[in-house]
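> only geometry, no sequence info:
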């Protein structure tokens, strides 16, 4: 398998030590300064699928995916110079390689010892495939639970609305019958008219319920989001009033979508009015339209999403924002935080968007603001409607990226993207742990990828404290909020920083990270 030295040294170090290794529950691999494996236990044979005689004398990189070889050799050399115990896991996500070239996630603890006068680094390796899969399944189950809850509410609401419409039809028509029998100058005519108007208002509410439950008949046609927004811009500005500043931004692409024109306008108006109501003291509302791509990694973490190109309508406000519990229920019928609200506006948006094959993403934080993104698939039969770009994403060279994200599913997704792209990934949900990892210096960090809005500390504060330890740290901020919403948080935009907006795909993330790492030091200072 490999050219290897005489393996008798470490393996003959004493039966007591060898017996001890066989009773250790984890796979144990011992490595010399030259990177050659000098001892293994039975658990390591079983875990990696190699016979002991094939591992002894082989380089440790035999058990490491090829994309991590360069970084692994560098880390190994630095560890021999300054050996220190590292506990199992230590917040670092690692991957190992079996004899059949299958990769799997592992946790590793490191220690060192003197064996026959030579320093040996021992690694205890633990397969965490089941745990990683369990965490992913739990995240997917949470998403499916929310989707099913909305679906069940929609079915109930649709059934009620259908029956209620029949009753309203009787009320409205009999009101007209009564009006026809009355003298035109009768005072009761006004009362009957009030009954008719109230019934019409109720009918409008039931139509919203039917839209939410996808029972309203739609007439889809090919439209361009950019043109729809531009056509409603004056109306929307009047609806916002003088205290709210509105800005629009359009991407270069004119992307077609297939959706009912009236329903699309209803989506836009509801989102804008909702943003206005979240800014009672005034603020800024931004509407953006662009072409985006939801790739297989995004679809993997968001069941029911088809990979491909989407038209993205984004509405951002600088209002009061919402907590996680409120944001989780924002699309439920009759759920509202407004004293005079019906709770059907956002439910209607949900029904229209999902009925058109799209999806919604909500980013909100109390005191910061809210961004809602509507993704509608590019109209079938038009250029770029399906599939993703074929050009390869720029690969990593084993550089270590520290990912800090308080949402576990988003963190796992970013780690997956970076790992596939050739980077060594270290992940944590807490800024304090990220600071300790940087301070410990056990794993040199080349780049920090951090969320901006986190409960423990803001991403900007985390970066300030990390740069006290490592002044030249390069940073990619990620957020679902627009730049306008983040501006009050003093987001640093200098040569050593970059920004990526959620949701992003693998190529977008790898391009931002690679460009920042390759940027000359003179530009990043």
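Perfect, thanks for sending it. Everything numeric here is computed off the predicted structure, so don't read it as measured data. Residues are numbered from 1 along each chain as shown.
> look up phi and psi at residue 127.
The phi and psi values for residue 127, taken as degrees, to the nearest 10, are phi -70, psi 120.
> can you tell me how far it is from residue 51?
19 Å (CB to CB, to the nearest Å). C-beta: built from backbone N, CA, C; applies to glycine.
> so residue 168 makes contact with residue 196?
No. Applying CB atoms under 8 Å as the test, residue 168 and residue 196 come out as separate, 10.5 Å apart.
> show me what contacts the residue with the largest distance to the centre of the chain?
The C-alpha centroid of the chain is most remote from residue 183, which lies 64.8 Å away (CA atoms, centre = their mean). Residue 183 is in contact with residue 189, counting by CB atoms under 8 Å, 6 or more residues apart in numbering.
> that one: which element?
Residue 183 is part of no helix or strand when elements are defined by DSSP states H and E.
> which of residue 127 and residue 51 has more neighbours?
Taking neighbours as other CB atoms under 10 Å, residue 127 and residue 51 compare with residue 127 leading, 19 against 11.
> give me the pLDDT value at that one.
The score at residue 127 is 85. That number is its pLDDT.
> please report how far it lies from residue 408.
20 Å.
> cool, residue 38 as well?
Taking CB to CB, one finds residue 38 at 38 Å from residue 408.
> of the two, which one has the most company?
Ranked by neighbour count (other CB under 10 Å), residue 38 and residue 408 place residue 38 first, with 25 against 15.
> wait, a strand at that one?
Yes. Per DSSP: H, G, I helix; E, B strand; the rest coil, residue 38 lies within a strand segment.
> that one touches residue 31, doesn't it?
Yes. Using CB under 8 Å as the test, residue 38 is close enough to residue 31 to be in contact (6.8 Å).
> what score does the residue nearest to the spatial centre of the chain have for pLDDT?
Nearest to the centroid of the C-alpha atoms of the chain, with distances taken as CA atoms, centre = their mean, sits residue 410, at 3.7 Å. Residue 410 carries a pLDDT value of 82.
> quick one: contacts for it?
Neighbour list for residue 410: 301, 451, 502 [criterion: CB under 8 Å, 6+ apart].
> in the stretch 351-500 of the chain, what residue spans correspond to helices?
408-420, 431-440, 459-469, 483-486 (DSSP state H, counting those that start in this stretch).
> any idea of the mean pLDDT for the shortest one?
Regarding helix 483-486, the rounded mean pLDDT is 54.
> who touches the nearest residue to residue 323 once chain neighbours are set aside in this structure?
Spatial nearest neighbour of residue 323, excluding adjacent residues (CB to CB, 6 or more residues apart in numbering): residue 366 at 5.6 Å. Counting by CB under 8 Å, 6+ apart, residue 366 touches 320, 321, 322, 323.
> distance of residue 366 relative to residue 429?
From residue 366 to residue 429 the distance is 19 Å (CB to CB).
> same question for residue 230.
Here residue 230 is placed at a distance of 41 Å from residue 429 (CB to CB).
> the two: which is more packed in?
The neighbour count for residue 230 versus residue 429, taken as other CB under 10 Å, is higher for residue 429 (19 against 13).
> count of neighbours near the closest residue to that one other than its chain neighbours?
Residue nearest to residue 429 in three dimensions, not counting chain neighbours: residue 406, with 5.1 Å by CB to CB, 6+ apart. By other CB under 10 Å, the residues close to residue 406 number 15.
> isn't residue 406 right up against residue 456?
Yes. Counting by CB under 8 Å, residue 406 touches residue 456, with 7.4 Å between them.
> what sits in contact with each of the two?
residue 430.
> in the stretch 101-250 of the chain, which spans are strands?
Taking DSSP state E, counting those that start in this stretch as the test, the strands found in the stretch 101-250 of the chain are 103-115, 118-127, 220-224, 244-250.
> can you give me the offset of the longest one from its chain's centre?
Taking CA atoms, centre = their mean, to the nearest Å, one finds the center of strand 103-115 at 31 Å from the center of the full chain.
> begin at 860, not 1, for the rest of this chat.
Got it, first residue is 860 now, which makes that one strand 962-974.
> what average pLDDT does it get?
81.
> what packs against it?
With contacts taken as 3 or more CB pairs under 8 Å, 6 or more residues apart in numbering; DSSP states H and E, strand 962-974 sits against strand 951-956, strand 977-986, helix 988-1040.
> and that strand, which residues are buried?
964, 965, 966, 967, 968, 969, 970, 971, 974 (16 or more other CB atoms under 10 Å).
> wait, which of those is closest to residue 1174?
Proximity of the buried residues of strand 962-974 to residue 1174 (CB to CB) peaks at residue 964, which lies at 37.8 Å.
> find residues that contact each of residue 897 and residue 890.
Contacts common to residue 897 and residue 890, judged by CB under 8 Å, 6+ apart, are residue 979.
> what about the stretch 1210-1359 of the chain, any weak spots by pLDDT?
Per-residue confidence for the stretch 1210-1359 of the chain (pLDDT under 70) gives these ranges: 1240-1250, 1301, 1340-1354.
> how about the strands in it?
Going by DSSP E, counting those that start in this stretch, the stretch 1210-1359 of the chain shows strands at 1218-1224, 1228-1236, 1259-1263, 1283-1287, 1306-1310, 1333-1338, 1356-1360.
> chain center to the host helix or strand of residue 934, what's the gap?
Assessed by DSSP H and E, residue 934 sits inside helix 928-940. Helix 928-940 has its C-alpha centroid displaced from the chain centroid by 32 Å (CA atoms, centre = their mean).
> noted, bye for now.
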